[in-house]
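Chemist: turn this into a structure:
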Amino acid sequence: MKPLLAAVTAAGSGLLGASLASRPGSRRFHVLTASVAATWLAGAHAAGPVPRGRRDVVQPAAV
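Modeler: Below is the predicted model:
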C-alpha cells in the first residue's frame, strides 16, 4: 500500500508542478489541475479510511 501512495504522491506533485508552470486560464492549465485533483482523489480512495483512534478534547485543552 505504501508504494502505491508514494507513487500517487509523486505523480500528483509532478502534475501540480506542471500545472503551475503553465499559463493560467489555458486549456493545459485546466486539464493538468483537474488531473491533479483526480490523482489525489484516487490516492485518497486507495488509502482507505483514516483510523480515528482516541479523541481526547477536554483533557489536552485543560492542560
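
Chemist: and the nearest residue to Gly43 once chain neighbours are set aside, what does it touch?
Modeler: Beyond its immediate neighbours in the sequence, the residue positioned closest to Gly43 (CB to CB, 6 or more residues apart in numbering) is Val8, lying 3.3 Å away. (Each C-beta comes from the backbone N, C-alpha and C, glycine too.) Neighbour list for Val8: 39-40, 42-43, 46 [criterion: CB atoms under 8 Å, 6 or more residues apart in numbering].

Chemist: dihedrals phi and psi, Ser35?
Modeler: Main-chain dihedrals, Ser35, degrees, to the nearest 10: phi -70, psi -40.

Chemist: for burial, what's the neighbour tally of it?
Modeler: 16 (other CB atoms under 10 Å).

Chemist: before we move on, what about Thr39?
Modeler: Based on other CB under 10 Å, the number of other residues close to Thr39 is 20.

Chemist: from the rest of the structure, what touches stretch 53-63?
Modeler: With CB under 8 Å, 6+ apart, stretch 53-63 has no contacts at all.

Chemist: leaving out chain neighbours, which residue sits closest to the residue most central in space within the chain?
Modeler: Ranked by distance to the mean C-alpha position of the chain (CA atoms, centre = their mean), the top residue is Trp40 at 4.0 Å. Among residues not flanking Trp40 along the chain, Gly12 sits closest, at 4.9 Å (CB to CB, 6+ apart).

Chemist: helix or strand: which one has that neighbour?
Modeler: Using DSSP states H and E, Gly12 maps to helix 2-21.

Chemist: now Arg28
Modeler: helix 27-47.

Chemist: could I have that helix exported to CSV, CA atoms only?
Modeler: Output of helix 27-47 as CSV, limited to C-alpha atoms (Å, rounded to 0.1, in the frame of the first residue of the first chain):
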residue,chain,number,x,y,z
ARG,A,27,-6.7,24.6,-21.6
ARG,A,28,-3.4,22.9,-20.5
PHE,A,29,-3.7,24.5,-17.1
HIS,A,30,-7.3,23.3,-16.6
VAL,A,31,-6.5,19.8,-17.8
LEU,A,32,-3.5,19.5,-15.5
THR,A,33,-5.2,20.9,-12.4
ALA,A,34,-8.2,18.5,-13.0
SER,A,35,-5.6,15.7,-13.3
VAL,A,36,-4.0,16.7,-10.0
ALA,A,37,-7.4,16.5,-8.3
ALA,A,38,-8.3,13.2,-9.9
THR,A,39,-4.9,11.7,-9.0
TRP,A,40,-5.1,12.8,-5.3
LEU,A,41,-8.7,11.7,-5.1
ALA,A,42,-7.8,8.3,-6.4
GLY,A,43,-4.9,8.1,-3.9
ALA,A,44,-7.2,9.0,-1.0
HIS,A,45,-9.7,6.4,-2.1
ALA,A,46,-6.9,3.8,-2.4
ALA,A,47,-5.6,4.7,1.1
